[in-house]
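Novice: Show me the folded form of this:
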Amino acid sequence: NTGKLLPKGQNWWNSFHVVSVEWTPTDYIFRIDGKEYWRMKGKPLQSNGYLVLSALTSDYEIKFLTKKTIKETTSVDWIRVWAL
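Specialist: Numbers count the residues shown, from 1 in each chain. Next comes the predicted model:
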């Protein structure tokens with residue numbers, strides 16, 4: 001539950017947040033504002049990939065997502081990708 005990452009009284013929609021994914025040879029580590037909220041074990045991507053910025057949680061939602069049903073927007077200020 002990502003709501004537990006926020007300080008008391010703060011909402012997701014009233015401030016900016018830093019969302020990150022780190023992948024190592026054994027894990028994907030997901031963080032919001034530097035706090036880990038999910039870790040997925042397994043063999044991460046070993047070839048070139050690409051970013052997809054999406055608010056979808058499941059494929060079945062696609063047919064319900066229209067300008068009439070979703071009026072909110074999300075702003076992305078910057079994206080940075082690097083390899084060590």
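Novice: contacts, neighbours, all on C-alpha from now
Specialist: Fine.
Novice: Could you tell me the model confidence score at the most far-flung residue of the chain relative to its centre?
Specialist: Computed with CA atoms, centre = their mean, the residue of the chain farthest from its C-alpha average is Lys68, at 24.1 Å. Note on Lys68: pLDDT of 80.
Novice: Look up how far Leu51 lies from it.
Specialist: Using CA to CA, to the nearest Å, we find Lys68 at a distance of 27 Å from Leu51.
Novice: Okay, now the unreliable bits of the chain?
Specialist: Across the chain, the ranges flagged by pLDDT under 70 are 1-3, 56-57, 84.
Novice: Please, where are all the strands along it?
Specialist: 19-23, 27-32, 35-41 (DSSP state E).
Novice: list the contacts for the residue nearest the centre of the chain?
Specialist: Taking CA atoms, centre = their mean, the centroid of the chain lies closest to Val19, which sits 5.6 Å from it. Residues in contact with Val19 (CA atoms under 8 Å, 6 or more residues apart in numbering) are Phe30, Arg31, Ile32, Asp33, Gly34.
Novice: Need the max-distance pair from these.
Specialist: Within the contacts of Val19, Phe30 and Asp33 form the most distant pair, 10.2 Å apart (CA to CA).
Novice: Neighbour count for those two, which is higher?
Specialist: Counting neighbours by other CA atoms under 10 Å for Phe30 and for Asp33 shows that Phe30 has the greater number, 17 against 12.
Novice: Can you spell out which residues form a bridge with the more buried one?
Specialist: Per DSSP bridges, the residues bridged to Phe30 are Val21, Trp38.
Novice: Next, the contact list for it, please.
Specialist: Phe30 touches Val19, Ser20, Val21, Glu22, Glu36, Tyr37, Trp38, Arg39, counting by CA under 8 Å, 6+ apart.
Novice: Tell me how far it lies from Lys67.
Specialist: On the measure of CA to CA, Phe30 and Lys67 end up 29 Å apart.
Novice: Please name the residues that touch Trp12.
Specialist: So Trp12 contacts Leu6 (CA under 8 Å, 6+ apart).
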